[in-house]
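Novice: Here's my sequence, what's the structure:
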Amino acid sequence: MGPIGLYAAVVLIWGSTWIAIKYQLSVSPELAVAYRFVLAAILLLVYCALRKLPMRYSRRDHVFMAVMGLCLFSLNYVFLYIAEGELTSGLIAVIFSAIVIMNMINGMIFFKRRPEMRTVIGAMIGLGGICVIFAPDLARFDLSGGAGYALVLSLLACYVASLGNMISARNQARGIPVMQANAYGMMYGALFLVVYVLASGQPIVFDTSPSFVIALVYLAVFGSILAFGFYLTLLGRIGADRAAYSSVMFPVVALTISTFVEGFVWQDSIIFGVALTLLGNIVILSGRRKTAQIPATPTEQEAQHIQEQDLPVPSVPAMLGVRPCREDVV
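Specialist: Residues are numbered from 1 along each chain as shown. All right, here's what the predicted structure looks like:
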């Protein structure tokens, strides 16, 4: 699948997961996320085993996959769900769309790459559109009570997710295919979530209703395995800054679905905001990069060869652990 297909799949899947999440609210948010990633991890590990994909990586690589799992598949979700107790979903959408800017900044820090001016301009246009769409939520925002704490948690969740994007870029440059990295990452993230739920003393309950089970399967298979696989593959092809713009498009898809499912009424300000996000989308994706963000994702055979031969991976700083080294594999 090409970059445009990957991008469209990510936006459509993650933009539609909101309706599935609504059917998960019969249990605590943290428990719902734990169920989601436990199931996703099991399915992905079984798939890798059936396909006999190479699964032996160095201890250093396992550390990075574990940290990626904590960042992308657990910590950021825990922070966001806690914050949603004080903030509206509209504010959460505005805050999380800032991952576009955070990916640009982290790309400069970790990969010494300056974003293209086209990407910066498109991101500013798109973020402006998101602010227009959720202007009423922004106008009602009050720092009193727990809102300030929730705002900090939301920003922290966004930055943690951005760090996960950077680590995924490192893993792909190291020669670890997205499928295997996600399998291990979701396993580690799911283990953390289980420990977190048990430590918080929450009662372990499971809703056996068809709506809950169907939503859980959708979120695990489509919202986790497929969407994260598509997104991180896209990140490896077009760069973290441009791939992250998909987060700006999620609310647009959600509003479109809400029009048919819930009778959402489009106001002039919302139409204008959506137009801005679409314009930003066109600006970001219309140009071609002169150089690749990171080395292209290797094939399974190439990845195994890199692991066996400890081949160096150029152009990625040693601070991300991408350097030839001889370590035991597990």
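
Novice: so the residue nearest to residue 282 when sequence neighbours are not counted is in which element?
Specialist: Excluding its sequence neighbours, the residue lying closest to residue 282 (C-beta to C-beta, 6 or more residues apart in numbering) is residue 122, at 7.6 Å. Heads up, the C-betas are built off the backbone N, CA and C, glycines and all. For residue 122, the host element (DSSP states H and E) is helix 117-133.

Novice: Check which helices and strands that helix sits against.
Specialist: If you count contacts as 3 or more C-beta pairs under 8 Å, 6 or more residues apart in numbering; DSSP states H and E, helix 117-133 packs onto helix 89-96, helix 99-111, helix 240-243, helix 246-261, helix 268-286.

Novice: Kindly provide the whole-number mean pLDDT of the fourth one.
Specialist: For helix 246-261, mean pLDDT is 82.

Novice: Also the first one?
Specialist: Rounded to a whole number, the mean pLDDT of helix 89-96 is 75.

Novice: Could you list the low-confidence segments of the stretch 151-300 of the chain?
Specialist: 262, 287-300 (pLDDT under 70).

Novice: Please repeat the previous calculation with a cut-off of 80.
Specialist: Applying pLDDT under 80 to the stretch 151-300 of the chain flags residues 258, 261-265, 285-300.

Novice: where along the stretch 51-200 of the chain do the strands fall?
Specialist: Counting by DSSP state E, counting those that start in this stretch, one finds no strands in the stretch 51-200 of the chain.

Novice: follow-up on the earlier one: now do the helix holding residue 122 against helix 89-96, angle only.
Specialist: 160 degrees (axes from the mean of the first three to the mean of the last three C-alpha atoms, to 10 degrees).

Novice: residues in contact with stretch 11-25?
Specialist: Stretch 11-25 has contacts (C-beta atoms under 8 Å, 6 or more residues apart in numbering) with 32, 36, 89, 211-212, 214-216, 218-219, 222-223, 226-227, 230-231, 246, 249-254, 256-257, 261.

Novice: Kindly recompute the last result at 6 Å.
Specialist: 32, 211-212, 215, 218-219, 222-223, 227, 246, 249-250, 253-254, 257 (C-beta atoms under 6 Å, 6 or more residues apart in numbering).

Novice: Likewise for stretch 74-81?
Specialist: 29, 33, 153, 156, 157, 160, 161, 189, 192, 193.

Novice: In JSON lines: those, plus distance to residue 48 and neighbour count.
Specialist: Below are those laid out as JSON lines (distance: C-beta to C-beta, whole Å; neighbours: other C-beta atoms under 10 Å):
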{"residue": "29", "distance to residue 48": "28", "neighbour count": "17"}
{"residue": "33", "distance to residue 48": "22", "neighbour count": "27"}
{"residue": "153", "distance to residue 48": "33", "neighbour count": "22"}
{"residue": "156", "distance to residue 48": "31", "neighbour count": "15"}
{"residue": "157", "distance to residue 48": "28", "neighbour count": "24"}
{"residue": "160", "distance to residue 48": "25", "neighbour count": "21"}
{"residue": "161", "distance to residue 48": "24", "neighbour count": "23"}
{"residue": "189", "distance to residue 48": "16", "neighbour count": "32"}
{"residue": "192", "distance to residue 48": "20", "neighbour count": "19"}
{"residue": "193", "distance to residue 48": "20", "neighbour count": "26"}
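
Novice: related to what we said a few turns ago, deepest of the helices and strands packed on helix 117-133, which one?
Specialist: Most buried of those by mean neighbour count (mean count of other C-beta atoms under 10 Å) is helix 240-243; its value is a mean of 28.

Novice: Looking at the contacts of stretch 74-81, which two lie furthest apart in space?
Specialist: 153 and 189 (17.9 Å; C-beta to C-beta).
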